[in-house]
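J.: here is the input, now give the coordinates:
(chains A and B)
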Amino acid sequence: RKEVEQDPGPFNVPEGATVAFNCTYSNSASQSFFWYRQDCRKEPKLLMSVYSSGNEDGRFTAQLNRASQYISLLIRDSKLSDSATYLCVVNPGGGADGLTFGKGTHLIIQP
Amino acid sequence: ETGVTQTPRHLVMGMTNKKSLKCEQHLGHNAMYWYKQSAKKPLELMFVYNFKEQTENNSVPSRFSPECPNSSHLFLHLHTLQPEDSALYLCASSQNPSGGNTGELFFGEGSRLTVL
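T.: Residues are numbered from 1 along each chain as shown, chains lettered A, B, ... in the order given. As a prediction, this is how the structure comes out:
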């Protein structure tokens, strides 16, 4: 069973639209959750943390559903510059375990 | 610009060669990591160093040998690799292990390795 699972896409979305994608994780004891963004041929960078109560950062909203073990990312009013791969990341247990990454969801914003 | 620099950016080597990847972080972080990124696969954690001590070896074959001489430098020594080891090798650092509560890892741009 995959630890962190995401739909790889690609999601082709017109500029200005709202897009959402989910991620599921297998370890129910996971403690913290994040979305990272990776541009083509670039390194991953932290986009935002995901809190139990849900959190928003500008056009981006992240939500966590512990009961169903999924995390979501919503992007409103999408921009061309949002085109990237979005990586769902889970910290399985804290300490020095390292973060567990999903394969990523490829998003393409079309003009 | 990144606070984590990796060299070389590209490396082509034969299966009998010995080479090393270098990573340096300028962020004053305590933890450093090696990740492997292959096509159509998630990032795979290879090694974790916390305050220069290796705290995790994620079942990595012995043909990969890490070295962390100090908190700012991390090496990955490569020998007798296989073609399936071709991938992007990413170094990362964080203030605390597992990025601490912020979950933030700072990645280098990666070293793209091709094994012939």
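J.: can you tell me the SS state at the closest residue to A:Arg66 other than its chain neighbours?
T.: Nearest-residue entry for A:Arg66: A:Ser52, 6.8 Å, with adjacent residues in sequence omitted and distances by C-beta to C-beta, 6 or more residues apart in numbering or on different chains. From N, CA and C alone the C-beta is placed, and that goes for glycine too. Following DSSP: H, G, I helix; E, B strand; the rest coil, the label given to A:Ser52 is coil.
J.: just the pLDDT for A:Ser52.
T.: In this prediction, A:Ser52 carries a pLDDT score of 87.
J.: how much space separates it from chain B?
T.: For A:Ser52, the distance to chain B equals 14 Å [C-beta to the nearest C-beta, to the nearest Å].
J.: and the spatially most central residue of chain B, helix, strand or coil?
T.: Centroid-nearest residue in chain B: B:Trp34, 2.7 Å away (criterion: C-alpha atoms, centre = their mean). Classification of B:Trp34 using three-state DSSP returns strand.
J.: distance check, it against chain A.
T.: Applying C-beta to the nearest C-beta, the value for B:Trp34 to chain A is 10 Å.
J.: for that residue, give the beta-bridge partners.
T.: For B:Trp34, the beta-bridge partners under DSSP bridges are B:Phe47, B:Cys91.
J.: these two touch, right, it and B:Leu78?
T.: No - B:Trp34 is beyond contact range of B:Leu78, at 11.2 Å (criterion: C-beta atoms under 8 Å).
J.: show me where chain B has strands.
T.: Applying DSSP state E to chain B gives strands spanning B:4-7, B:10-13, B:18-25, B:31-37, B:44-50, B:53-57, B:64-70, B:73-79, B:87-94, B:106-107, B:111-115.
J.: in a markdown table, list the ones you listed along with mean pLDDT.
T.: Output for the strands of chain B, formatted as a markdown table (pLDDT from 0 to 100):
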| stretch | mean pLDDT |
| --- | --- |
| strand B:4-7 | 97 |
| strand B:10-13 | 94 |
| strand B:18-25 | 96 |
| strand B:31-37 | 93 |
| strand B:44-50 | 90 |
| strand B:53-57 | 78 |
| strand B:64-70 | 94 |
| strand B:73-79 | 96 |
| strand B:87-94 | 95 |
| strand B:106-107 | 94 |
| strand B:111-115 | 96 |
